[in-house]
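Participant: I would like the atomic coordinates for the input below:
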Amino acid sequence: MGVEEVERMMRLVDDASVTLIGAAAAMSDTECREPSRLPGWSRGHVLTHVARNADALVNLLTAARTGNSVPMYASPQARDADIETGADRPAGELVADLRESTARLQEAVEALGAGGDWQAVVEWRRGRRRPIADVPRARLTEVALHHVDLGSGFELDDLADPVADALIAESLARLRSLPEAPAVAVRPAGASPSTSTSNTSGEVVVTGSRAALVGWLTGRAEAAGLEADGPLPELAAWG
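Facilitator: Presented below is the predicted three-dimensional model:
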């Protein structure tokens, strides 16, 4: 992914962030403490997670810019504790945190800038090694997908095509990172190219609407509405 693609993806991130922050700002304290669609998490958990994810991506960008080793999160335990601690804050604090962390991420992207090495490979969560150029697409996935998880009226069908395409690509990249990834290709209805987890023969080609594909790949929806030219593979839990 080159600088132009990074910039294009960041524009999508900015738009999705504005939409998410607007939705959060419309919630009361009580609504923020209500259950989200993620088991065991309130809406406050989801919003806090999105904010802390922004800071974690800042750490990756800092590592790429300085050449120093900066972990995405201090530890898995610290990540979970930060989310749990922040979940019950008043709505205004949740929104302010989300807005401020989003601004910090934008500043970190700008600091790496056009002259930075966007192909630098850094260590992400769970030991995954990926180029820093993947940050915008990963962030777009977090913002857009967790907006759906809030259960506040924004649904998979509301994802714009470029955003859904990015979520599909990110989902497949995560799938590819697994030791025994199933050989699967997806083809959104109306789109000619397919995006694959591999270049080998024997791929199962899965076709459907973008919303249905995103839902299936991320575990947000059943495989209803999808068609496959072979047995539909079972996917690992999203994470």
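
Participant: my guess is Ser17 is in a helix, correct?
Facilitator: Yes: applying DSSP: H, G, I helix; E, B strand; the rest coil, one finds Ser17 inside a helix.

Participant: Tell me how far it lies from Arg210.
Facilitator: Remark: distance between Ser17 and Arg210 (C-beta to C-beta, to the nearest Å) = 20 Å. For glycine as for every other residue, the C-beta is placed from the backbone atoms N, C-alpha and C.

Participant: For the helix or strand hosting Leu140, report the contacting residues that lie outside it.
Facilitator: Using DSSP states H and E, Leu140 sits within helix 135-149. Helix 135-149 has contacts (C-beta atoms under 8 Å, 6 or more residues apart in numbering) with 1, 6, 9-10, 12-13, 16-17, 19-20, 23, 36-38, 41, 46, 49-50, 53-54, 57, 60-61, 105, 109, 154-156, 158-159, 163, 166-167, 169-171, 173, 214, 218, 220.

Participant: what helices or strands is the helix or strand following it leaning on?
Facilitator: Using DSSP H and E, the helix or strand that follows helix 135-149 in sequence is helix 161-176. Helix 161-176 is packed against helix 3-25, helix 135-149, strand 184-188, strand 195-196, helix 210-217, with contacts defined by 3 or more C-beta pairs under 8 Å, 6 or more residues apart in numbering; DSSP states H and E.

Participant: I'd like to know which of the ones you listed has the weakest mean confidence.
Facilitator: Mean pLDDT values for the helices and strands packed on helix 161-176 show the minimum at strand 195-196, a mean of 62.

Participant: Now do the buried residues in the helix or strand following it.
Facilitator: On the C-terminal side of strand 195-196, the closest following helix or strand by DSSP H and E is strand 204-208. Residues of strand 204-208 classed as buried under the neighbour-count rule (16 or more other C-beta atoms under 10 Å) are Val204, Val206, Thr207, Gly208.

Participant: pLDDT and distance to Arg65 for those residues - can I get that in CSV?
Facilitator: Shown next, in CSV, are the buried residues of strand 204-208 (pLDDT from 0 to 100; distance: C-beta to C-beta, whole Å):
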residue, pLDDT, distance to Arg65
Val204, 86, 40
Val206, 92, 38
Thr207, 92, 41
Gly208, 94, 40
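
Participant: sorry, back to before: out of the helices and strands packed on helix 161-176, nearest to Asp88?
Facilitator: Evaluated with C-beta to C-beta, these place helix 3-25 nearest to Asp88, the distance being 14.8 Å.

Participant: rewinding a little: return the distance of the helix holding Leu140 from the chain's centre.
Facilitator: From the chain centre to the centre of helix 135-149 is a distance of 3 Å (C-alpha atoms, centre = their mean, to the nearest Å).
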